[in-house]
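kindly return the folded structure for what I paste below:
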Amino acid sequence: MVMQKCSNPPIRQRRKEARPSELTAAALDLFVERGFAATKLDDVAARAGVSKGTLYLYFASKEELFKAVIQQGILPVVEQGEEMLSQHSGDAASLLRDLTYRWWELVGCTKLAGVVKLIISDAGNFPEVASYFHEHVTRRIDDLLGNILRQGMERGEFRRVDVASAIDAITSPILMRVIWQYSVQPYCCGGQKDSEIYMGTYIDLLLNGLTVKEQSHE
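Numbers count the residues shown, from 1 in each chain. Presented below is the predicted three-dimensional model:
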């Protein structure tokens, strides 16, 4: 599977009366640039090219705006993964590989990945935001991965492993990658890393660690 390289999205042209999706796009930009605490609704309205009153027509608070960013940007990717699982009839390894690449292409390789760093850095000060993300994103991803692992083990494709620990082992390298992208990497001389090489190496190590090897009958 060929993975798309990360690229910066084109600058959007704003109208006087922005749609909700344009407001959430402006909010995402600022959340990633400044963090949740430092982002003001006035700034979001200004970035979208509308008045603060227009923004309040759609979102009553910054927390509601953040939830909308998740609902419009990340939840559809989670839903795609759940749909892929429900329709998949092949081997578990192929599904796990395809889901991981799809997530990286649609989230990890975009500004949406900055939400992960935001959640980690601001969770203590904004527990409602962290709780929402955990309930609607993290828990569903964990359930999805758990189902794939259990199916693979039941079919004899995957080695028997502790599912909860395996889920952590699958997600942690991706989380660290996106945290690096939005924290240390911009300030490291020569710190740029090739995402395509990284993901290929990660998938190779993951599936070789899980997949049952055929016994030699010499």
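
can I get the CA coordinates of the helix or strand harbouring Ser172 in PDB?
Using DSSP states H and E, Ser172 falls within helix 163-181. Only the C-alpha atoms of helix 163-181 are listed here, as PDB (Å, rounded to 0.1, in the frame of the first residue of the first chain):
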ATOM      1  CA  VAL A 163      -4.900  -7.800  24.500                       C
ATOM      2  CA  ALA A 164      -4.800  -4.700  26.700                       C
ATOM      3  CA  SER A 165      -1.000  -4.600  26.700                       C
ATOM      4  CA  ALA A 166      -0.800  -5.300  23.000                       C
ATOM      5  CA  ILE A 167      -3.200  -2.400  22.300                       C
ATOM      6  CA  ASP A 168      -0.800  -0.100  24.300                       C
ATOM      7  CA  ALA A 169       2.200  -1.500  22.300                       C
ATOM      8  CA  ILE A 170       0.400  -0.800  19.000                       C
ATOM      9  CA  THR A 171      -0.700   2.800  19.800                       C
ATOM     10  CA  SER A 172       2.200   4.100  21.800                       C
ATOM     11  CA  PRO A 173       4.700   4.400  18.900                       C
ATOM     12  CA  ILE A 174       2.200   6.300  16.800                       C
ATOM     13  CA  LEU A 175       1.400   8.600  19.700                       C
ATOM     14  CA  MET A 176       5.100   9.300  20.300                       C
ATOM     15  CA  ARG A 177       5.600  10.000  16.600                       C
ATOM     16  CA  VAL A 178       2.900  12.700  16.400                       C
ATOM     17  CA  ILE A 179       4.000  14.200  19.700                       C
ATOM     18  CA  TRP A 180       7.500  14.500  18.300                       C
ATOM     19  CA  GLN A 181       6.200  16.200  15.200                       C
END
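
buried residues in that helix?
By 16 or more other Cβ atoms under 10 Å, the buried positions in helix 163-181 come out as 163, 166-167, 170-171, 174-175, 177-181. Every residue, glycine included, has its C-beta placed from N, CA and C.

same question for stretch 122-134.
Buried-residue list, stretch 122-134, by 16+ other Cβ under 10 Å: 122, 126, 129-130, 132-133.

just how off-centre is that stretch within its chain?
Here the centre of stretch 122-134 is set off from its chain's centre by 16 Å, with Cα atoms, centre = their mean, to the nearest Å.

contacts for that stretch?
Identification of contacts with stretch 122-134 by Cβ atoms under 8 Å, 6 or more residues apart in numbering yields 35-37, 63, 66-67, 70, 115, 119.
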